[in-house]
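Novice: Can you look at this prediction? I've put the sequence above it.
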Amino acid sequence: MTAGPDAAGQRLDAFLAHALPKYSRVQLRKVIGGGGVLVNGQGTKVAHRLTAGDRIRIVLPAMNTAGPHPEEIPLDILFEDEHIIAVNKPPGMVVHPARGHWSGTLASALSFYFRQLSSVGGPTRPGIVHRLDRDTSGVLVVAKTDPMHFALAAQFENRTTEKEYFAITAGVPDRDRDNIEQPIGIHPHQREKMAIRQGHSTSREATSFYEVVERFAGFAAVRVLPKTGRTHQIRVHLAHIGCPVLCDKLYGGRSQITARELVRGGNETLILSRQALHAQRIKLAHPATGEPIEFVAPLPADIAGVLELLRGGGN
């Protein structure tokens, strides 16, 4: 591969992590350190800074392509028939095996409880049609067969599904409701983040409608209906208007909060230690019958606890 103008000044490991997202930066550093990467025909170091036009040759290790190992992990099943499953994913659970997360995934749990799941997503993603971030809880729809998978995927692709999220934000939006229309692309410096980027080659148009449900001192409860499905879309858009999702370390700078920090008179009890974002509802056409069907996941205990504390104001 060749380093383009945008790569000038980038560290070699960061550039490769962007170019090869299936490999972790740790894996790529090991490859570089082992002499598996040549820049202009020469071995180099992890921190090497690239110049536009540099020619990079890399010999990569084989990826783990085995399916998930079935694991008896409790699942909250919202709906099941012979075609699809709707699951209320808990926070902290990775949807499918990926770098650093080869066990404890939703895919592993699904493989334990269900004998038939679609194969369209490949061996590591049985039944998985769409995904949620690890620390986002809520509704996720799973396909049992390949035809159902294709039918569901077409609905997501054509934006005929209706997805509603509940979030608590750090900061209060100025408007009661609004559309956020800002393109999202890869962050220029941090591989794990996305960013608002105008006119960049990685940017894609993105729209999120939000409505403030309740206002508190320094916080707000909002419902968000994303019109598109970009990576980290809601988190990026809410941070863009100055109201990041509460305890979103990546976009808000902190990963946990105590009662004292939420309300006057609170104590040091840790109230939340993950982003306050929940996929509350999905409405779609049943892929077998075409009839409208809706799945709703109740608020998880941690987010409900934050809401209760804010409503009480510490009294």
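Specialist: Yep, it's here.

Novice: Which segments of this structure make up each domain?
Specialist: 5-58, 77-158, 163-312 (automatic domain parsing).

Novice: residue ranges with poor pLDDT in this structure?
Specialist: 22, 24, 26, 61-67, 99-101, 313-315 (pLDDT under 70).

Novice: give the contact list for the residue nearest the centre of it.
Specialist: Closest to where the C-alpha atoms of the chain average out (CA atoms, centre = their mean) is D133, at 2.9 Å. Neighbouring residues of D133 by CB atoms under 8 Å, 6 or more residues apart in numbering: H232, R235, Q275, L277. C-beta here means a position set from N, CA and C on the backbone, and glycine is covered the same way.

Novice: got TSV for the domains of the chain, with distance to P68 too?
Specialist: Below are the domains of the chain laid out as TSV (distance: least, CB to CB, whole Å):
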stretch	distance to P68
domain 5-58	16
domain 77-158	4
domain 163-312	21
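
Novice: Give me the three-state assignment for the residue nearest to the centre of the chain.
Specialist: Following DSSP: H, G, I helix; E, B strand; the rest coil, D133 is assigned to coil.

Novice: rewinding a little: quick one: which of the contacts of D133 is nearest to H189?
Specialist: H232 (15.5 Å; CB to CB).

Novice: And the residue lying closest to that closest one once chain neighbours are set aside, how close does it get to Q233?
Specialist: Nearest residue to H232 in three dimensions, chain neighbours excluded: M194, at 4.5 Å (CB to CB, 6 or more residues apart in numbering). The gap separating M194 from Q233 is 8 Å, by CB to CB, to the nearest Å.

Novice: Name all residues that sit in contact with these two at the same time.
Specialist: Counting by CB under 8 Å, 6+ apart, the shared contacts of M194 and Q233 are I184.

Novice: what about stretch 131-138, start to end distance?
Specialist: 10 Å (CA to CA, to the nearest Å).

Novice: and the residue nearest to H232, how many residues sit next to it?
Specialist: 22 (other CB atoms under 10 Å).

Novice: show me what contacts it?
Specialist: Taking CB under 8 Å, 6+ apart, one finds I184, G185, I186, H187, R230, T231, H232, Q233, V236 in contact with M194.

Novice: what ranges do the strands span in the stretch 101-250 of the chain?
Specialist: Using DSSP state E, counting those that start in this stretch, the strands found in the stretch 101-250 of the chain span residues 137-143, 162-170, 177-181, 184-186, 194-196, 207-215, 219-226.

Novice: So which elements touch the first one?
Specialist: This means strand 137-143. Strand 137-143 sits against strand 84-89, helix 146-158, strand 277-285, strand 292-296, with contacts defined as 3 or more CB pairs under 8 Å, 6 or more residues apart in numbering; DSSP states H and E.

Novice: give me that answer again for 10 Å
Specialist: Applying 3 or more CB pairs under 10 Å, 6 or more residues apart in numbering; DSSP states H and E, one finds that strand 137-143 contacts strand 77-80, strand 84-89, helix 106-113, helix 146-158, strand 162-170, strand 277-285, strand 292-296, helix 301-312.

Novice: Which among these is found nearest to L225?
Specialist: Closest approach to L225 among these (CB to CB): strand 162-170, 5.4 Å.

Novice: what comes up buried for that closest one?
Specialist: K163, E164, Y165, F166, A167, I168, T169, A170 (16 or more other CB atoms under 10 Å).

Novice: what's the answer for stretch 229-247, then?
Specialist: Applying 16+ other CB under 10 Å to stretch 229-247 flags 230, 232-241, 243-247 as buried.

Novice: again with stretch 68-79
Specialist: Neighbour-count burial for stretch 68-79 [16+ other CB under 10 Å]: P68, I73, L75, L78.

Novice: Stretch 169-186 too?
Specialist: T169, A170, G171, V172, P173, I180, Q182, P183, I184, G185, I186.

Novice: Closest to E157 out of the residues you listed?
Specialist: Relative to E157, and with distances defined as CB to CB, the nearest of those is I184, at 17.1 Å.

Novice: measure stretch 173-183 end to end?
Specialist: Stretch 173-183: ends 20 Å apart by CA to CA.

Novice: got a list of contacts for it?
Specialist: 195-200, 202-213, 215, 220, 222-228, 230, 233-234, 236-238, 240-243 (CB atoms under 10 Å, 6 or more residues apart in numbering).

Novice: Got a quick PyMOL command for the buried subset of the residues you listed?
Specialist: Remark: buried members of those, expressed as a PyMOL selection using 16+ other CB under 10 Å:
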select buried, resi 195+196+197+203+206+207+208+209+210+212+220+222+223+224+225+226+227+230+233+234+236+237+238+240+241+243
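
Novice: OK, contacts around the closest residue to L16 other than its chain neighbours?
Specialist: Distances taken as CB to CB, 6+ apart put L28 closest to L16, at 4.8 Å, once the chain neighbours are dropped. By CB under 10 Å, 6+ apart, L28 lies in contact with 12-17, 19-20, 36-37, 46, 58, 60-61.
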